[in-house]
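Chemist: Have a look at this prediction, sequence included:
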Amino acid sequence: MNGDHLYIVTYDIADQRRWRRVFRTMHGFGDWLQLSVFQCRLSGRRRAELETRLRHLIRNGEDHVLIVDVGPADKVHLAVESLGRTYEKSERQAIVI
(Lines give C-alpha, C1' and ligand atoms only; values in the text may rest on other atoms or scores of the structure.)
Protein backbone atom coordinates (compact mmCIF):
# COMPACT_ATOMS: atom_id res chain seq x y z
CA MET A 1 0.00 0.00 0.00
CA ASN A 2 1.42 3.40 -0.93
CA GLY A 3 0.86 6.67 0.91
CA ASP A 4 -0.29 8.62 -2.14
CA HIS A 5 -3.40 10.74 -1.85
CA LEU A 6 -5.75 11.94 -4.55
CA TYR A 7 -6.01 15.72 -4.82
CA ILE A 8 -8.17 18.02 -6.87
CA VAL A 9 -6.33 21.27 -7.57
CA THR A 10 -8.20 24.24 -8.97
CA TYR A 11 -6.98 27.78 -9.42
CA ASP A 12 -8.07 31.29 -10.34
CA ILE A 13 -5.08 33.32 -11.49
CA ALA A 14 -5.54 37.04 -12.21
CA ASP A 15 -2.68 37.46 -14.70
CA GLN A 16 -2.52 35.50 -17.98
CA ARG A 17 1.26 34.98 -17.80
CA ARG A 18 1.07 33.64 -14.26
CA TRP A 19 -1.90 31.47 -15.28
CA ARG A 20 0.17 29.89 -18.09
CA ARG A 21 3.04 29.22 -15.68
CA VAL A 22 0.71 27.57 -13.17
CA PHE A 23 -0.95 25.54 -15.95
CA ARG A 24 2.42 24.26 -17.21
CA THR A 25 3.54 23.44 -13.68
CA MET A 26 0.36 21.51 -12.97
CA HIS A 27 0.91 19.31 -16.04
CA GLY A 28 3.98 17.92 -14.27
CA PHE A 29 1.91 16.86 -11.26
CA GLY A 30 -1.41 15.56 -12.50
CA ASP A 31 -4.09 15.06 -15.12
CA TRP A 32 -5.88 17.99 -16.62
CA LEU A 33 -9.66 17.71 -16.14
CA GLN A 34 -10.92 21.12 -17.18
CA LEU A 35 -9.56 24.63 -17.82
CA SER A 36 -8.09 25.28 -14.35
CA VAL A 37 -8.77 21.93 -12.68
CA PHE A 38 -6.34 19.03 -12.24
CA GLN A 39 -6.53 15.61 -10.60
CA CYS A 40 -3.26 14.62 -8.93
CA ARG A 41 -2.10 11.43 -7.19
CA LEU A 42 0.74 12.58 -4.98
CA SER A 43 2.96 11.36 -2.18
CA GLY A 44 3.43 13.67 0.78
CA ARG A 45 6.75 14.82 -0.66
CA ARG A 46 5.29 15.55 -4.14
CA ARG A 47 2.35 17.40 -2.58
CA ALA A 48 4.75 19.61 -0.62
CA GLU A 49 6.80 20.18 -3.78
CA LEU A 50 3.65 21.20 -5.67
CA GLU A 51 2.64 23.64 -2.94
CA THR A 52 6.11 25.19 -2.86
CA ARG A 53 6.15 25.68 -6.62
CA LEU A 54 2.68 27.18 -6.66
CA ARG A 55 3.51 29.57 -3.81
CA HIS A 56 6.42 30.87 -5.89
CA LEU A 57 4.23 31.39 -8.94
CA ILE A 58 1.12 33.05 -7.52
CA ARG A 59 0.55 36.45 -5.98
CA ASN A 60 -1.11 36.60 -2.58
CA GLY A 61 -4.17 38.82 -2.64
CA GLU A 62 -4.65 38.42 -6.41
CA ASP A 63 -4.60 34.69 -7.13
CA HIS A 64 -6.35 31.75 -5.51
CA VAL A 65 -5.44 28.04 -5.49
CA LEU A 66 -7.50 25.29 -3.83
CA ILE A 67 -5.90 21.91 -3.06
CA VAL A 68 -8.60 19.44 -2.05
CA ASP A 69 -7.42 16.19 -0.43
CA VAL A 70 -9.94 13.56 -1.56
CA GLY A 71 -8.25 10.77 0.39
CA PRO A 72 -5.87 7.82 0.03
CA ALA A 73 -5.34 7.16 -3.69
CA ASP A 74 -5.58 3.38 -3.33
CA LYS A 75 -9.01 3.65 -1.65
CA VAL A 76 -10.60 6.42 -3.72
CA HIS A 77 -12.10 6.06 -7.15
CA LEU A 78 -12.84 9.52 -8.46
CA ALA A 79 -16.23 9.63 -10.15
CA VAL A 80 -16.67 12.69 -12.34
CA GLU A 81 -20.20 13.83 -13.09
CA SER A 82 -20.49 16.21 -16.00
CA LEU A 83 -23.37 18.59 -16.63
CA GLY A 84 -23.70 20.20 -20.03
CA ARG A 85 -21.09 18.82 -22.41
CA THR A 86 -20.05 15.20 -22.04
CA TYR A 87 -16.93 14.68 -19.95
CA GLU A 88 -14.35 12.60 -21.77
CA LYS A 89 -11.05 11.78 -20.07
CA SER A 90 -8.61 12.11 -22.90
CA GLU A 91 -5.04 12.94 -23.68
CA ARG A 92 -6.08 16.28 -25.16
CA GLN A 93 -3.79 19.18 -24.69
CA ALA A 94 -4.82 22.75 -24.07
CA ILE A 95 -3.46 25.39 -26.35
CA VAL A 96 -1.57 27.88 -24.21
CA ILE A 97 -0.68 31.09 -26.02
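Modeler: Here it is on my side, so go on.
Chemist: which residues of this structure fall in strands?
Modeler: 5-12, 31-34, 37-42, 64-72 (DSSP state E).
Chemist: longest helix of the chain?
Modeler: helix 44-57 (DSSP state H).
Chemist: in that one, what counts as buried?
Modeler: Residues 46, 47, 50, 53, 54, 57 are the ones in helix 44-57 that count as buried (16 or more other Cβ atoms under 10 Å). For every residue, glycine as well, the C-beta is placed using N, CA and C.
Chemist: still on that earlier bit, redo the strands of the chain as TSV? Include mean pLDDT, distance to residue 20 and mean neighbour count.
Modeler: Putting these into TSV (pLDDT from 0 to 100; distance: least, Cβ to Cβ, whole Å; neighbours: other Cβ atoms under 10 Å) gives the following:
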stretch	mean pLDDT	distance to residue 20	mean neighbour count
strand 5-12	96	12	19
strand 31-34	91	13	15
strand 37-42	96	14	20
strand 64-72	94	15	13
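Chemist: possible to save these as TSV with distance to residue 19?
Modeler: Formatted as TSV, the strands of the chain follow (distance: least, Cβ to Cβ, whole Å):
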stretch	distance to residue 19
strand 5-12	8
strand 31-34	14
strand 37-42	13
strand 64-72	11
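Chemist: closest to residue 82 out of the ones you listed?
Modeler: Nearest to residue 82 among those is strand 31-34; the distance by Cβ to Cβ comes to 9.2 Å.
Chemist: Sheet partners, orientation included, of that closest one?
Modeler: Within its sheet, and counting by DSSP bridges, strand 31-34 is paired with strand 37-42 (antiparallel).
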